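K.L.:
Predicted model follows, preceded by the sequence.
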Amino acid sequence: MKIISIAVSKKKGTRKEPVEEALLTVEHGIQGDAHAGPWHRQVSFLATESIEKAKAGGLSVGFGDFAENIATEGIDWPTVAIGSRFRLGESALVEITQIGKECHKKCAIYYQAGDCIMPREGVFARVLEGGPIRRGDRISPVGAVAANE
């Protein structure tokens with residue numbers, strides 16, 4: 001299990017731009033990202049496998065296009081229990097707070113990509129312990145979770 005991509009944006013509801021590294025801040029999220037703040041959806045995750053499935057279905061998409069902060073490899077996020085914790089890199093620790101989300105209206109991502117898989121396959125977390133993260137960093141479950149390890 002590892003981080004394949006990290007992406008940030010200045011505005012909500014838009015595609016995010018990939019970056020090599022980011023800093024997670026306790027009870028805030030990724031520094032400089034529009035979704036960061038004192039709430040339960042500080043950081044979003046989406047499996048690379050989900051993005052690849054969308055590509056195979058004909059969508060022209062890449063990392064950050066679904067507004068995910070972190071694209072991962074080896075974790076089936078919709079099967080992970082709320083409350084599960086994951087260590088990202090050496091020091092950051094996140095806790096899963098929500099699986100999927102309800103979209104009240106179609107956002108720019110839907111119109112640009114033709115679909116948005118985040119409501120079905122994305123998960124959200126809050127930051128319990130901060131620290132730097134980088135592409136390629138290992139993701140380690142802390143405690144029992146249902147994931148493809």
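P.N.:
All right, it came through fine. Numbers count the residues shown, from 1 in each chain.

K.L.:
tell me which helix or strand of this structure sits lowest on mean pLDDT?
P.N.:
Between all helices and strands in the chain, the lowest mean by mean pLDDT, DSSP states H and E belongs to helix 108-113, at a mean of 59.

K.L.:
The strand or helix carrying Ala54 - what's its average pLDDT?
P.N.:
Following DSSP states H and E, one finds Ala54 within helix 48-56. Averaged over helix 48-56, pLDDT sits at 89.

K.L.:
Going by neighbour count, which residues of that helix are buried?
P.N.:
48-51, 54 (16 or more other C-beta atoms under 10 Å). Just so you know, the C-beta spots here come from the backbone N, C-alpha and C atoms, and that holds for glycine as well.

K.L.:
Span of stretch 38-54 from start to end?
P.N.:
Using C-alpha to C-alpha, to the nearest Å, the end-to-end distance of stretch 38-54 comes out at 31 Å.

K.L.:
From the rest of the structure, what touches it?
P.N.:
By C-beta atoms under 8 Å, 6 or more residues apart in numbering, the surrounding residues in contact with stretch 38-54 are 4-5, 24, 27-30, 35-36, 61-63, 65-73, 75-77, 94, 97-98, 101, 113, 115, 117-118, 121-127.

K.L.:
Centre of the chain to it, how far?
P.N.:
Relative to its parent chain, stretch 38-54 has a centroid offset of 3 Å by C-alpha atoms, centre = their mean, to the nearest Å.

K.L.:
Pop out the phi and psi values for the most centrally placed residue in the chain.
P.N.:
When C-alpha atoms, centre = their mean is applied to the chain, the residue found nearest the centroid is Phe45 (1.7 Å). As for Phe45, its main-chain torsions (degrees, to the nearest 10) stand at phi -130, psi 140.
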